[in-house]
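>>> Whatever this is, show me its structure:
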Amino acid sequence: MKIKSTLIEAHIFRRVNSEIEFLLMKRASNEIYPNIWQMVTGTNEDGEKAYETAIREIGEETSLVTKAVWIVPTVNSFYSESDNSINMVPVFVAEVSADADVILSEEHSEYLWCSKEKAKELFAWAGQRKSVEIIEEYFTSKKSLLKLIKIKEGKL
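Numbering: from 1, shown residues only. As a prediction, the model looks like this:
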């Protein structure tokens, strides 16, 4: 069995008043995992670093320009029976302007901005719900000891 890391997850949020809202997108009916709600996901291209994949996929799937991107201190994982592998998926989070316009790629049929609670209700996998908890804690809790690593400005 092999362990690989070729995929990313990138959550997107915006600040509305004193709250944060997460962007969720519904996968198109002709895609793998049809009609599930998700964050941005994607596969690394040759030689691409995981954070570069996250930034590229955000642009491709949503047409959004990020204000900042951070590394979330968690890695999701799953087993793939097709190639007998364990897949490790680094998680990122990006902030966009509150008035940013979302333009979906053909991979998704609709989107919504929602609270942490709604995101956790709609996400299919426990790791995705855990990521939302970590992100929300960091960006809303003044007592949080968690410090996310920000991707340097020149790399965006």
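
>>> This structure: helices as residue ranges?
50-62, 116-122, 126-140 (DSSP state H).

>>> which of these is buried the deepest?
Stretch with highest mean neighbour count among those: helix 50-62 (a mean of 21; mean count of other CB atoms under 10 Å). C-beta coordinates here come from the backbone N, C-alpha and C atoms, glycine included.

>>> Compute the mean per-residue pLDDT across that one, please.
Averaged over helix 50-62, pLDDT sits at 96.

>>> what's the answer for stretch 17-35, then?
91.

>>> List the neighbouring strands of the worst-scoring helix or strand of the chain on mean pLDDT plus their orientation.
Sorting the helices and strands of the chain by mean pLDDT, DSSP states H and E puts strand 149-150 at the bottom, at a mean of 86. Looking at strand 149-150 with DSSP bridges, its partner strands are strand 68-80 (antiparallel).

>>> So what touches the strand it pairs with?
Outside of strand 68-80, the residues within contact range by CB atoms under 8 Å, 6 or more residues apart in numbering are 9-11, 51, 54-55, 85-95, 125, 127-128, 130-131, 134-135, 146, 148-151, 156.

>>> circling back: among the helices of the chain, which comes closest to Asp101?
helix 50-62 (9.3 Å; CB to CB).

>>> Distance of the residue lying closest to Leu148 once chain neighbours are set aside relative to Gln128?
The shortest distance from Leu148 to any non-neighbouring residue, by CB to CB, 6 or more residues apart in numbering, is to Trp70 (4.0 Å). Distance, Trp70 to Gln128, by CB to CB, to the nearest Å: 17 Å.

>>> what ranges of this structure fall below the confidence cut-off?
Under the criterion pLDDT under 70, the flagged ranges of the chain are 142-146, 153-156.

>>> so Ser109 makes contact with Ser29?
Yes - if you go by CB atoms under 8 Å, Ser109 and Ser29 touch, sitting 6.9 Å apart.

>>> Alright, I will stop here.
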